[in-house]
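Provided below are the primary sequence and the corresponding predicted coordinates.
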Amino acid sequence: MAALSPASKKALANLRAFTPQSTNFYKLPLARRAAVLILLFADRKGDLRVVLTIRSAGLKSYAGQAALPGGKADSLQETPWMTARREAFEEIGLPMSDDKLPSGYSVEHLTELPANLAMTELGVRPCVAYLKAPMPSSDNKEPNVAKDILPKLDAREVAAVFTAPFYNFLREKDVDPKTRETSPGEWYKGSWHSWHETAWRMHQFFVAVSPSTVFLANAKPSPRERKDLARETTEEKMPSKSTNSTLQPPLPRSFYAITNDALRQPRYRVFGMTARILVECARIAFGENPEFEHNADFGDEEMIERLLQIGRLSSVKKEGETLTRDVMMQAAKAKLS
């Protein structure tokens, strides 16, 4: 593997030096805690790439969508880093300790980002890590990070795992000229939408994939199963509509639909909270703002704190309970401690 590029070295240094604000994550009950892993590694050019998954069509939440490895906490004693590592082990087979990685590999915990509030009313703490590969062996054979680490998938949770150029999450077009020439479609689309009366930038990235950057799980649901699950999950994830919204309306139901041949597309769509987290992480790493419009803040710490102040995000979610406009207006008036 080539040595890290100067930009990659600086990005990792910036992430190591980043100290997030105090978090409300630990104020949340266990049922509301989750974490994701932003796993970075260097490609053969020394540029950073990030690991992503396509969630299984059999899952109840976000089925068939691109996501970072992650999930809910198992106990109050489990830190976000522990949750992220455990979930990455269960989903993509990333060992939880360096001594169980292939010889010469190691995982460095770089930092953690402010918590985000998911539509499912979870506080999600992003944990950033760097997967370091060994130097070439005596026979000059270079290690292949993706091939050595990633293809161990749990098909019950993950339909595919793929990698994307990390720096590109700050750009409107593919940085690599060859990708622009050979991969149909565009890299970025974005627009402002209303999320409970808050202006929220919806990023959509379309990651070009190839046999060297994507790995499919063996077991796949039938097309009919994917269609049925797509219908079920899109109905439960849709934001509630507000006829009095002063912003653009919520995204249409079709936006969340899963196409039957999603895994056969030349580009995989990364959007929603996952896209926002990657943009925020890239902003910190490279010390740049993106070329496109974006939310200036990082995470949803204040929103989470305000909701906790009015008694929301409790350990038990009541039937039909959603974050409506009235709830968010009440939270906006709450006095922060």
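Here it is on my side, so go on.

where does residue 297 land on pLDDT?
Residue 297 is assigned a pLDDT of 91 by the prediction.

Neighbours of it, how many?
Look at residue 297: counted by other Cβ atoms under 10 Å, it has 11 neighbours. All C-beta atoms are positioned from the backbone trio N, CA, C, and that covers glycine.

Check the secondary structure at it for me.
coil (DSSP: H, G, I helix; E, B strand; the rest coil).

And the residue nearest the centre of this structure?
The residue lying closest to the centre of the chain (Cα atoms, centre = their mean) is residue 274, at 3.2 Å.

My read is that that residue contacts residue 66, right?
Yes: assessed by Cβ atoms under 8 Å, residue 274 is found in contact with residue 66 at 6.1 Å.

What's the local residue count around residue 204?
Counted with other Cβ under 10 Å, residues neighbouring residue 204 total 16.

Mind listing what's buried along whatever helix or strand it lives in?
Here residue 204 sits within strand 199-208, counting by DSSP states H and E. By neighbour count on 16 or more other Cβ atoms under 10 Å, the buried set for strand 199-208 is 200, 201, 202, 203, 204, 205, 206, 207, 208.

same check, this time on stretch 169-181
169, 170, 171, 174, 176, 179.

quick one on the thing from earlier: got any residues that touch both of residue 274 and residue 66?
Shared contacts of residue 274 and residue 66 (Cβ atoms under 8 Å, 6 or more residues apart in numbering): residue 52.

confidence score at the closest residue in space to residue 5 that isn't next to it in sequence?
Sequence neighbours aside, residue 46 is the residue nearest to residue 5 in space, at 3.9 Å (criterion: Cβ to Cβ, 6 or more residues apart in numbering). Here, the pLDDT recorded for residue 46 equals 93.

Can you give me the distance of residue 46 to residue 179?
17 Å (Cβ to Cβ, to the nearest Å).

Do me a favour and get the end-to-end distance for stretch 290-301?
22 Å (Cα to Cα, to the nearest Å).

Can you pull out the low-pLDDT segments for this protein?
1-2, 57-63, 136-144, 146-147, 149-155, 196-197, 218-262 (pLDDT under 70).

hey, where'd the strands end up in it?
33-42, 48-55, 66-67, 70-72, 106-112, 116-117, 123-132, 158-165, 188-194, 199-208, 214-216, 267-271 (DSSP state E).

need those strands in a markdown table with distance to residue 314, can you?
Shown next, in a markdown table, are these (distance: least, Cβ to Cβ, whole Å):
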| stretch | distance to residue 314 |
| --- | --- |
| strand 33-42 | 13 |
| strand 48-55 | 26 |
| strand 66-67 | 25 |
| strand 70-72 | 15 |
| strand 106-112 | 24 |
| strand 116-117 | 14 |
| strand 123-132 | 12 |
| strand 158-165 | 30 |
| strand 188-194 | 25 |
| strand 199-208 | 24 |
| strand 214-216 | 39 |
| strand 267-271 | 29 |
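
Of all these, which one is nearest residue 92?
Relative to residue 92, the nearest member of the strands of the chain by Cβ to Cβ is strand 158-165, separated by 5.3 Å.

strand partners of that closest one, parallel vs antiparallel please.
strand 48-55 (antiparallel), strand 214-216 (antiparallel) (DSSP bridges).

Out of the buried residues of stretch 169-181, which comes closest to residue 93?
The closest of the buried residues of stretch 169-181, once distances to residue 93 are taken by Cβ to Cβ, is residue 169, at 24.7 Å.

if I look at that closest one, how far off is residue 282?
For residue 169, the distance to residue 282 - Cβ to Cβ - is 4 Å.

swap in residue 3?
21 Å.

okay, the two: which has more neighbours?
Between residue 3 and residue 282, residue 282 has the larger neighbour count (other Cβ under 10 Å), namely 23 against 11.

So the more buried one is in contact with residue 170, correct?
Yes: between residue 282 and residue 170 there is a contact under Cβ under 8 Å: 5.0 Å.

Which elements pack onto the strand holding residue 204?
Applying 3 or more Cβ pairs under 8 Å, 6 or more residues apart in numbering; DSSP states H and E, one finds that strand 199-208 contacts strand 158-165, strand 188-194, strand 267-271, helix 272-286.
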